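Student: 3D model of this:
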Amino acid sequence: MATPELARRAVAAVVTATAAIAMTVGTAGVAGAAPRQADGLSPDILAIMNKPAYEHAQWGLLEIDDTTGEIIHSQYPNQFFIPGSTAKLVSVSSTWHTLGGDHRFTTPVQAVGNRSGSVLDGSLVVVAQGDLTMGGRTKPDGSVDFTPIDHTYANDLPGATLTPENPLAGLNEMAQQVRASGLTEVHGDVAIDSRLFTSFPGLDPTPTPLIINDNLIDLLTTATTPGQPAQLSWRPQVAPYQVESTVQTVAAGGPTDIAVTASPDGTHISLSGTIAADAQPTLRVSPVQDPDAFGRTALIEALARAGVTVTAPPTGPNPSGLVPDSYDGTERVAAYVSPVYAQYARLILKVSHNLGANLGICLMAVAAGSHQCEDGFAGIRNFLTQAGIDPTKVQLLDGRGGNPVDRVTPDVENEILHYWQGTPEATRFREALPILGVDGSLAFACAGCPTCPGKGKVWAKPGSVVGLDAVNQRLAVGAETLGGYLDAGHGRLHTFYLAVNGASTQDITTFFDVVNDLNRIAGLLQEQAEARP
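Tutor: Okay, here's the model as predicted:
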């Protein structure tokens, strides 16, 4: 089984074992374009591809001039490859096409019962709409914030950091709107209506109709003086969640090794281990096991801060039995309106946000009138068909690219990238991708390199599937992939997709060598594209 995507911050690597690859013409590309004999790869790229890590690996590569349809490089363009997170190019494109880039999620709060002035004898019901962030990342300008290594990867990757926004911002705004509606007392309860959709086991992480802080508790440990307890801060602080830490600060250069455990219901969290005195603050996360109960309590607490009292106890299970069959005749007393979907797509693509990618499958099901997430895969097929792309070039059982059945061809990824160039969303889609050496998963691509080919001129989504090879006690790199656009100069773009399946590395350090190999190959392809007449 694949591990979480280990190479998000630096990307993935594309390589092969063949000493001299004769690039041949691919059978697919821009519809109606006349393919020609592809140029061979340069010696510096081949030298990377011939490293021992790729002795038994299989390569895929397709690079196309998006303006002319000329095939620049082609290797197994119609063969299935394990995509890793480049599957998000398929799922996010489909969700974007289905909902529209300017779609906003409006999450209402309905007053159910009898209202007399400032008093509601009944319940407030939040009708969850599948809003990915509920205001928890929204900046003042309406854009959605992110960091190069997202907090959702904090337990898997070093260097994960938090955005500064309050994860409870959306609930706080809802509470203030309730108070502004004139309500000050709720003689009843608060409930979450999560009937929007039902997920299925293939979607991991599992989307929920109400999502607060990615359904995670953030746990930040900061070193103090050697021999003393480390400092702990955590968010969002919502009852009945409690956190305790026995993490000790050790001497500079010592081990930073922090473990997180939680009670079965997730509400009692413990941290243990050590942090070096010279270490940066270290982030860990713990999952929220019951997002509806968590959201209910968080809103009751937000209402109290806004001056609205609720007579029901703030903690406990979500009283779903209070949710009415219909909201006809009820009063809307608040509604949180999200940023546009294109901002969420940008978040998903920039940091490889797995929950957001899987959520898109459910949102496509809802758009088609279904409450079953598995029906959302028809949205992918519809998008591909309407774009003139053969849907049999894709196999997916999730939106993130983490299921064992997931496969794509280099050809289909290029066709999707080409499709967007023919739409009014062309620039917005391209700029939603990580930029080599600049931001998102590719922010650190040029770290420690004396030169960085392609810096700022490659927009691409990376993907990784990595697991333990127990036979040889090394890492098996099931897939390293990268797909996107190359700046070819003079206002031209090339679409490209690179994939290697079956590489091997000794440990996590040499795995990142594979990552850096792909960064360099993509940069060299960009330089060569820009140098073409």
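Student: so where's the stretch 301-450 of the chain shaky on pLDDT?
Tutor: 448 (pLDDT under 70).
Student: run me through the strand neighbours of the longest strand along the chain, direction for each.
Tutor: In the chain, taking DSSP state E as the definition, the longest strand is strand 474-489. Using DSSP bridges, the strands paired with strand 474-489 are strand 458-469 (antiparallel), strand 492-501 (antiparallel), strand 503-505 (antiparallel).
Student: who's in contact with the shortest one?
Tutor: Contacts with strand 503-505, where a contact means CB atoms under 8 Å, 6 or more residues apart in numbering, come from 13, 15, 53-57, 469, 472, 474-477, 480, 511, 513-514. All C-beta spots, glycine's among them, are computed from the backbone N, C-alpha and C.
Student: next, the angle strand 458-469 makes with whichever helix or strand comes after that strand.
Tutor: Following strand 503-505 in sequence order, the next helix or strand is helix 508-531 (DSSP states H and E). Helix 508-531 and strand 458-469 are oriented at 150 degrees to each other (axes from the mean of the first three to the mean of the last three CA atoms, to 10 degrees).
Student: send me helix 508-531 as PDB with only the CA atoms.
Tutor: Taking Å, rounded to 0.1, in the frame of the first residue of the first chain, the C-alpha atoms of helix 508-531 are listed here in PDB:
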ATOM      1  CA  ILE A 508      14.400   9.000   2.700                       C
ATOM      2  CA  THR A 509      17.500  11.000   1.900                       C
ATOM      3  CA  THR A 510      18.200   9.200  -1.300                       C
ATOM      4  CA  PHE A 511      14.500   9.400  -2.100                       C
ATOM      5  CA  PHE A 512      14.800  13.200  -2.200                       C
ATOM      6  CA  ASP A 513      17.600  12.700  -4.600                       C
ATOM      7  CA  VAL A 514      15.100  11.100  -6.900                       C
ATOM      8  CA  VAL A 515      12.800  14.100  -6.300                       C
ATOM      9  CA  ASN A 516      15.600  16.500  -7.200                       C
ATOM     10  CA  ASP A 517      16.400  14.500 -10.300                       C
ATOM     11  CA  LEU A 518      12.900  15.200 -11.600                       C
ATOM     12  CA  ASN A 519      13.100  18.900 -10.700                       C
ATOM     13  CA  ARG A 520      16.300  19.100 -12.800                       C
ATOM     14  CA  ILE A 521      14.800  17.200 -15.700                       C
ATOM     15  CA  ALA A 522      11.800  19.400 -15.900                       C
ATOM     16  CA  GLY A 523      14.000  22.500 -15.700                       C
ATOM     17  CA  LEU A 524      16.200  21.200 -18.500                       C
ATOM     18  CA  LEU A 525      13.200  20.400 -20.700                       C
ATOM     19  CA  GLN A 526      12.000  24.000 -20.100                       C
ATOM     20  CA  GLU A 527      15.400  25.500 -21.100                       C
ATOM     21  CA  GLN A 528      15.500  23.400 -24.200                       C
ATOM     22  CA  ALA A 529      11.900  24.400 -25.100                       C
ATOM     23  CA  GLU A 530      12.800  28.100 -24.700                       C
ATOM     24  CA  ALA A 531      15.900  27.600 -26.900                       C
END
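Student: pull out the buried positions in it.
Tutor: 511-512, 514-530 (16 or more other CB atoms under 10 Å).
Student: and the most centrally placed residue in the chain, how far from residue 434?
Tutor: Centroid-nearest residue in the chain, with CA atoms, centre = their mean: residue 353, separated by 0.9 Å. Per CB to CB, to the nearest Å, residue 353 is found 12 Å from residue 434.
Student: can you check residue 364 too?
Tutor: 24 Å.
Student: what pLDDT does residue 8 get?
Tutor: Reported pLDDT at residue 8 in the predicted model: 32.
Student: can you check residue 517 too?
Tutor: For residue 517, the predicted pLDDT is 87.
Student: measure it to residue 45 for me?
Tutor: From residue 517 across to residue 45, the span is 10 Å (CB to CB).
Student: show residues contacting stretch 382-395.
Tutor: 31, 78, 80, 90, 93-94, 97-98, 380-381, 405-409, 411-412, 415-416, 419.
Student: can you give me the strands in the stretch 251-400 of the chain?
Tutor: 257-262, 268-276, 282-287, 309-310, 331-337, 394-395 (DSSP state E, counting those that start in this stretch).
Student: does anything pack onto the first one? Which helices or strands?
Tutor: Using 3 or more CB pairs under 8 Å, 6 or more residues apart in numbering; DSSP states H and E, the elements in contact with strand 257-262 are strand 268-276, strand 282-287.
Student: for the ones you listed, which one sits closest to residue 84?
Tutor: strand 282-287 (21.5 Å; CB to CB).
Student: other SSEs contacting that closest one?
Tutor: Using 3+ CB pairs under 8 Å, 6+ apart: strand 282-287 touches strand 216-222, strand 257-262, strand 268-276.
Student: now the second one: mean pLDDT?
Tutor: This predicted structure assigns strand 257-262 an average pLDDT of 98.
Student: residues in contact with the residue nearest to residue 138 when sequence neighbours are not counted?
Tutor: Nearest residue to residue 138, sequence neighbours excluded (CB to CB, 6 or more residues apart in numbering): residue 339, at 5.8 Å. Contacts for residue 339 were tallied using CB under 8 Å, 6+ apart; they are 104, 133, 138, 142-144.
Student: which among those gets closest to residue 228?
Tutor: residue 133 (36.2 Å).
Student: make sure that closest one is indeed in a helix.
Tutor: No - under DSSP: H, G, I helix; E, B strand; the rest coil, residue 133 falls outside any helix and is assigned coil.
Student: which stretches in this structure count as helices?
Tutor: 43-49, 88-99, 169-180, 291-306, 341-351, 354-367, 377-386, 410-421, 426-431, 508-531 (DSSP state H).
Student: of all those helices, which lies closest to residue 196?
Tutor: Evaluated over the helices of the chain, closeness to residue 196 peaks at helix 354-367, with 6.0 Å, by CB to CB.
Student: dump the closest one to CSV, keeping only the CA atoms.
Tutor: C-alpha atoms of helix 354-367 as CSV (Å, rounded to 0.1, in the frame of the first residue of the first chain):
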residue,chain,number,x,y,z
ASN,A,354,-5.7,15.1,-0.4
LEU,A,355,-9.0,15.8,1.5
GLY,A,356,-9.9,18.6,-0.9
ALA,A,357,-9.3,16.4,-3.9
ASN,A,358,-11.4,13.6,-2.5
LEU,A,359,-14.1,16.1,-1.5
GLY,A,360,-14.4,17.0,-5.2
ILE,A,361,-15.7,13.6,-6.0
CYS,A,362,-18.5,14.0,-3.5
LEU,A,363,-19.3,17.5,-4.8
MET,A,364,-19.6,16.2,-8.3
ALA,A,365,-22.1,13.6,-7.0
VAL,A,366,-24.1,16.3,-5.3
ALA,A,367,-24.1,18.4,-8.5
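Student: right, I'll leave it there.
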